[in-house]
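> Provided below are the primary sequence and the corresponding predicted coordinates.
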Amino acid sequence: QKEVEQDPGPLSVPEGAIVSLNCTYSNSAFQYFMWYRQYSRKGPELLMYTYSSGNKEDGRFTAQVDKSSKYISLFIRDSQPSDSATYLCAMKKGSNYQLIWGAGTKLIIKP
Amino acid sequence: EAQVTQNPRYLITVTGKKLTVTCSQNMNHEYMSWYRQDPGLGLRQIYYSMNVEVTDKGDVPEGYKVSRKEKRNFPLILESPSPNQTSLYFCASSFTSGDGELFFGEGSRLTVL
């Protein structure tokens, strides 16, 4: 079993919809949680960074961490075609540990 | 412009022909890392470096070598490439491994025939 599970999709939704992307993990020691966005033929770029449980909002994006369920989510409100990309979750146990990555979910926003 | 630069971006080679993928960053980052990305498997770490002359194996180091002689450069060496090393490779850097934000290059697509 992988330490981090992420549905690869693709997830196709109409423009303007609320998108929910999710990852589950098995190691309760993870403390730092990240979402990266990767456009086609580009490297990943950091989108959201959270520590421990709770919500964090940045514009149309909200990252949510539920450590009791070992579940993290990324919500995108008012989705745009420019949001079409692969979204990767990543997490780590502590500041000096390496990141563990999900496989990525491909998101398609239809105009 | 702050960036991580990888070369070549695309390469087709044959089994056994040594090759080097270069990586350079201009942000004075201490930490650098190499990943490979394969469909369904996500990003897997090959090697990483915490600082000059300090390197360590990641999850899939077999068949690869690295060196870190200068802070800005972190080349990935495939001494004898094999077809199972056909992949998309990314170099990444950050200030320290404790800083979660990794800055990635644009990727190098390698095909080994």
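Done, it's in. Residues are numbered from 1 along each chain as shown, chains lettered A, B, ... in the order given.
> Okay, B:M50 and chain A: tell me how far apart.
With the distance defined as Cβ to the nearest Cβ, to the nearest Å, B:M50 ends up 9 Å from chain A. All C-beta spots, glycine's among them, are computed from the backbone N, C-alpha and C.
> what's the neighbour count on that residue?
B:M50: 16 surrounding residues under other Cβ atoms under 10 Å in any protein chain shown.
> SS state for the residue lying closest to A:E45 once chain neighbours are set aside?
Beyond its immediate neighbours in the sequence, the residue positioned closest to A:E45 (Cβ to Cβ, 6 or more residues apart in numbering or on different chains) is A:R37, lying 5.8 Å away. The assignment at A:R37 comes out as strand when based on DSSP: H, G, I helix; E, B strand; the rest coil.
> same check, this time on A:G16
Secondary structure, three-state DSSP: A:G16 is coil.
> With B:N84 instead?
In the three-state summary, B:N84 is assigned as helix, counting by three-state DSSP.
> chain center to stretch B:101-110: distance?
Using Cα atoms, centre = their mean, to the nearest Å, we find the averaged C-alpha position of stretch B:101-110 to lie 8 Å away from the chain's own average C-alpha position.
> quick one: buried residues of it?
By neighbour count, with 16 or more other Cβ atoms under 10 Å in any protein chain shown as the criterion, the buried positions of stretch B:101-110 are B:102-105, B:107-108, B:110.
> swap in stretch A:70-88?
Using 16+ other Cβ under 10 Å as the burial criterion, the residues of stretch A:70-88 that qualify are A:70, A:72-76, A:79, A:83-88.
> what's the farthest-apart pair in those residues?
Every pair in the buried residues of stretch A:70-88 was compared (Cβ to Cβ); the two farthest apart turn out to be A:K70 and A:S84, at 28.2 Å.
> Report the beta-bridge partner residues of B:S49.
Here B:S49 shows beta-bridge partners B:M32, B:T55, assigned using DSSP bridges.
> which residues touch it?
For B:S49, the contact set (Cβ atoms under 8 Å, 6 or more residues apart in numbering or on different chains) comprises B:31-33, B:55-56, B:66, B:68, B:74.
> and the gap between it and chain A?
Distance from B:S49 to chain A, by Cβ to the nearest Cβ: 12 Å.
> Return the distance of the closest residue to B:V21 other than its chain neighbours relative to B:N26.
Beyond its immediate neighbours in the sequence, the residue positioned closest to B:V21 (Cβ to Cβ, 6+ apart) is B:L76, lying 4.5 Å away. The span separating B:L76 from B:N26 equals 18 Å under the rule Cβ to Cβ, to the nearest Å.
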